[in-house]
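Chemist: Next come a sequence and a model predicted from it.
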Amino acid sequence: MSSVPSADQAALAAKTAANPAAKRAADPAASSAAAPRIGLTAYREPARWGVWDETADLLPASYARSVSAAGGLPLLLPPSADDQAGAVLDGLHGLVLAGGADVDPSRYGAEPDPHTDRPRRDRDSWELALARAALARDLPVLAICRGMQVLNVALGGSLIQHLPDRVGTQLHSPTPGRHGRHEVRLAQSSRLHEVIGAGCVVATYHHQAVDVLGDGLVAAGWTDDGVVEAVELPSSRWVIGVQWHPEVTDSAHLFGDFIDACRA
């Protein structure tokens, strides 16, 4: 019997080498063994389902699906007492700071802009505590949209409260309730450049952004208007923030690299 791989086998090998999610799908045993537990922060909002209309802890399913597809086990972390953050992280291998409402400007010493959302103080307190506790123990962190802003504020940074006033366009949130699309260029020296490439087209929905970078953070991605779209913490094992929504678009490489770091 020939030991030379067939054309189909060669194609599969090339595909799985380039795509971490495909690699795990090709080897279910490796995927299921020691799946890292990933905490995902969650919304607490009014919600309706069936005959019920109540406040609920929720998160778009695309977050959990992206973690699962990359080989992780997603676990929701709804707002809780911030002094419990360490105990929660004891059972996790990684943390995803998810999207949501604006961070309370008082958290970074600013007065609220008229366009800023009403504060979600329960989420702010809980997620800032989670972020700081995760950083203290060098836990891998993927911070998405609001999550990137939480990460920045947790490290002493500040935010632009309404981008249209700064850049003069609606590029970053063009249509209410729908993700827009724009290009992001990535720093050649960044981990994101290594994982994704020189740039990418992303799903966008935000009207705020990083202003002053938090301690230790470096900008790793930008739009053509100069808005910081990605940050990294080089002193950490793996901490990346993206202002876009990778769970909405092709995210296999980013989530795959995150889950790999959580396994290490």
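Modeler: Looks like it came in fine. If you're wondering where the values come from, they're calculated on a predicted model, not measured in any experiment.
Chemist: What residues of the helix ranked longest in the chain count as buried?
Modeler: For the chain, the helix with the greatest residue count under DSSP state H is helix 121-136. Within helix 121-136, the residues that qualify as buried are 123-131, 133-135, counting by 16 or more other C-beta atoms under 10 Å. C-betas here are computed from N, CA, C, even on glycine.
Chemist: Same question for stretch 158-166: list its buried residues.
Modeler: 158-163.
Chemist: Take that stretch and give me the span from its first residue to its final residue.
Modeler: 15 Å (C-alpha to C-alpha, to the nearest Å).
Chemist: do you know how far P140 is from A261?
Modeler: Applying C-beta to C-beta, to the nearest Å, the value for P140 to A261 is 4 Å.
Chemist: Looking at those two, which is more packed in?
Modeler: P140 (25 against 21; other C-beta atoms under 10 Å).
Chemist: any idea where the helices of the stretch 101-250 of the chain begin and end?
Modeler: 121-136, 146-154, 163-167, 191-196 (DSSP state H, counting those that start in this stretch).
Chemist: In terms of secondary structure, what does the first one contact?
Modeler: To tie it back to what came earlier, the one meant is helix 121-136. strand 37-41, strand 43-49, helix 85-89, strand 94-97, strand 141-144, helix 146-154 (3 or more C-beta pairs under 8 Å, 6 or more residues apart in numbering; DSSP states H and E).
Chemist: let's go with 6 Å and repeat that
Modeler: helix 85-89, helix 146-154 (3 or more C-beta pairs under 6 Å, 6 or more residues apart in numbering; DSSP states H and E).
Chemist: For the first one, list every residue counted as buried.
Modeler: Judged by neighbour count using 16+ other C-beta under 10 Å, the buried positions of helix 85-89 are 85, 88-89.
Chemist: And stretch 247-263, by the same measure?
Modeler: Under 16+ other C-beta under 10 Å, the buried positions of stretch 247-263 are 247-249, 251-262.
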